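*Asks:* sequence first, then the predicted structure, then my questions.
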Amino acid sequence: MQLQVRRFGPDDWEPARAARLASVRDGFGEDSDFYREQAAMEPAAWRAVLAEHVRFGAFDGDRPVGTACWRTGDDGDGQLYGMWVHPDARGTGLADALVDAVVAAARELGSATLSLKVEPGNARAIAFYVRTGFVADGDPGPGLVVMTRPV
């Protein structure tokens, strides 16, 4: 594997689109409304997303194998979202590199904390996030688990 993580700018809409569609395909399937919605986005919409949000892609050569994003949350601090690593690339350290990239961007953009949401049944993801410094923020309840960490 020849893995690299890079930040996308508005002109990188094509590789950003490829990474996002790969993640949505893996998580929801090509027959899902969410996949069709993402696939139908015009280049101008991708450029706008990339101008407003910080998005990283992970690649094995030219093949997208991971992605993670940062945006300002409602409280003014940062949110990690859209985290995905292709099953073939899990356990390679790529997820750590993506989180490190998001943490560095959050720090650069003035966030004091970083939060994320994860499905309560996704024990592997929760264990990973704990290992990278996130802690559950209160009672997870029946919905998504909210986790935070200092930047």
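*Replies:* Sure, I can see it.

*Asks:* who touches the helix or strand containing Ala48?
*Replies:* For Ala48, the element it lies in under DSSP states H and E is helix 43-52. Here helix 43-52 makes contact (C-beta atoms under 8 Å, 6 or more residues apart in numbering) with 8-13, 16-17, 41, 55, 71. No exception for glycine: its C-beta is placed from N, CA and C like everyone else's.

*Asks:* just the ones of these in strands?
*Replies:* Among these, the members falling in strands (DSSP state E) are 8, 55, 71.

*Asks:* can you redo these as a markdown table with distance to Asp137 and neighbour count?
*Replies:* Formatted as a markdown table, the ones in strands among the contacts of helix 43-52 follow (distance: C-beta to C-beta, whole Å; neighbours: other C-beta atoms under 10 Å):
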| residue | distance to Asp137 | neighbour count |
| --- | --- | --- |
| Phe8 | 28 | 23 |
| Arg55 | 24 | 25 |
| Arg71 | 18 | 16 |
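
*Asks:* pLDDT and distance to Val49 added to those, as JSON lines?
*Replies:* What follows is these, written out as JSON lines (pLDDT from 0 to 100; distance: C-beta to C-beta, whole Å):
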{"residue": "Phe8", "pLDDT": "95", "distance to Val49": "9"}
{"residue": "Arg55", "pLDDT": "96", "distance to Val49": "7"}
{"residue": "Arg71", "pLDDT": "92", "distance to Val49": "10"}
